[in-house]
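# have a look at this prediction, sequence included:
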Amino acid sequence: MNIEWYPGHIAKARREIKEHLKEVDIVIEIIDARCPLSSIDFLNEEIKGKKRLLIIAKSDLVSRDDIENNIQIIKDKANDDIEVLSLDCRDNTIKRIVDKKLDILCDFLYKKYEKKGISNIKIKALVVGMPNVGKSTFINSYIRKKVNKVENTPGVTKKLQWAKVSDKIYLLDTPGVTVPKFVRSDVGINLALVGSINDDIVDMESLAYEFIKKVYKKYKALFIKRYDLKDFDDEDPLSVMDAIARNEHIFKKNNEIDYDRLSKLIITDFRKGRLGKISLE
Ligand SMILES: Nc1nc2c(ncn2[C@@H]2O[C@H](COP(=O)(O)OP(=O)(O)OP(=O)(O)O)[C@@H](O)[C@H]2O)c(=O)[nH]1
Ligand SMILES: [Mg+2]
């Protein structure tokens, strides 16, 4: 299965974000805890040299072990100034912990201002990431005000928009953007599964099949619990899908399995965390 999604509005947003890079001091990149390695490295070339705060959003949907493993992989790969935080971005008590990380990253700026004798420091941060990862939610929680529109679908934020945190800190919310070409087909599949790619361009039946193929062995117990698959031993993805359909009674009028409805059910259960904590990476 090969998924690519780089429509015109995303190409345009990417250009606009690039133009703003010059005027920001740091970059806050938001990635999805369920596929952190597929949602990272956005604008990697362009942001080289910028201090980066990497926020692993939706951490409530993944086990601590999976998050720690992936943080280690990211830290081993990152060779620039980077701080990492894993969060539930809907939690509006995150301010203190985010401020602490920003202070570490901005220490160089404070020193620079101090040398010049400037006391009214202004820090501008760019908030970027793939579509639907939680950028606007993060900003709202950090500011403790609903300044940005949030919805569980990609492409909600349409324009770049400044938000004032305090006299000292300003954040620029941006539309979620994908890259012109994913490095592996796996990346497209993972991003589609977490809802970063418009569902309209994705074949949901193939996507559900890929999902089961990818995670069933590791998370079998969660599937058994959710769909009551106790006496079912086969691990073939299609057989698993059929077993779920039988137990959930997902048939068409002619008694054939309704794969369209079944696929949407499985993917929605995953996205909403109803299956339990599942990481794609
Ligand atoms: N469980 C969970 N849900 C989250 C978290 N952060 C955001 N969400 C949900 O994810 C969905 C998308 O959030 P947004 O803040 O609109 O994401 P965005 O990155 O701004 O999306 P675009 O503007 O479309 O690129 C919403 O339904 C949020 O409630 C999180 O940490 N945990
Ligand atoms: Mg947004």
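Arrived safely. Treat the numbers as computed from the prediction; the structure is a model and nothing was measured. Residues are numbered from 1 along each chain as shown. Ligands and ions are numbered 1, 2, ... in the order given.
# need the mean per-residue confidence for stretch 104-124.
Mean pLDDT, computed over stretch 104-124, is 89.
# over to stretch 86-101?
The pLDDT scores in stretch 86-101 average 96.
# any idea how far apart the tips of that stretch sit?
12 Å (C-alpha to C-alpha, to the nearest Å).
# can it be found next to ligand 2?
No: against ligand 2, stretch 86-101 shows no contacts by C-beta under 5 Å from the ion, the least distance being 10.9 Å. C-beta here means a position set from N, CA and C on the backbone, and glycine is covered the same way.
# next one: Ile267 from Val215, what distance?
12 Å (C-beta to C-beta, to the nearest Å).
# more neighbours: the two, which one.
Neighbour count, other C-beta atoms under 10 Å: between Ile267 and Val215, Ile267 has more, with 21 against 18.
# need the three-state assignment for Ile267.
Here Ile267 takes the helix state, with states given by DSSP: H, G, I helix; E, B strand; the rest coil.
# which residues touch the nearest residue to Asp228 once chain neighbours are set aside?
Counting by C-beta to C-beta, 6 or more residues apart in numbering, Asn247 is the residue found nearest to Asp228 once chain neighbours are left out, at 5.1 Å. Residues in contact with Asn247 (C-beta atoms under 8 Å, 6 or more residues apart in numbering) are 227-229.
# just the buried subset of the residues you listed, please.
In those, burial by neighbour count holds for 227, 229, counting by 16 or more other C-beta atoms under 10 Å.
# can you give me the pLDDT of the residue nearest to Asp228?
For Asn247, the pLDDT comes out at 94.
# what's the answer for Phe42, then?
You'll see Phe42 listed with a pLDDT of 62.
# relative to Phe182, how far out is Lys77?
When distance is defined by C-beta to C-beta, Lys77 is 17 Å away from Phe182.
# name the residue in those two with the higher neighbour count.
Phe182 (20 against 11).
# any idea which element the more buried one lies in?
Assigned by DSSP states H and E, Phe182 falls within no helix or strand.
# residues in contact with the residue in the stretch 1-150 of the chain positioned nearest to ligand 2?
Nearest residue of the stretch 1-150 of the chain to ligand 2, counting by C-beta to the ion: Ser136, 3.3 Å away. Contacts for Ser136 were tallied using C-beta under 8 Å, 6+ apart; they are 148-150, 156-157, 173.
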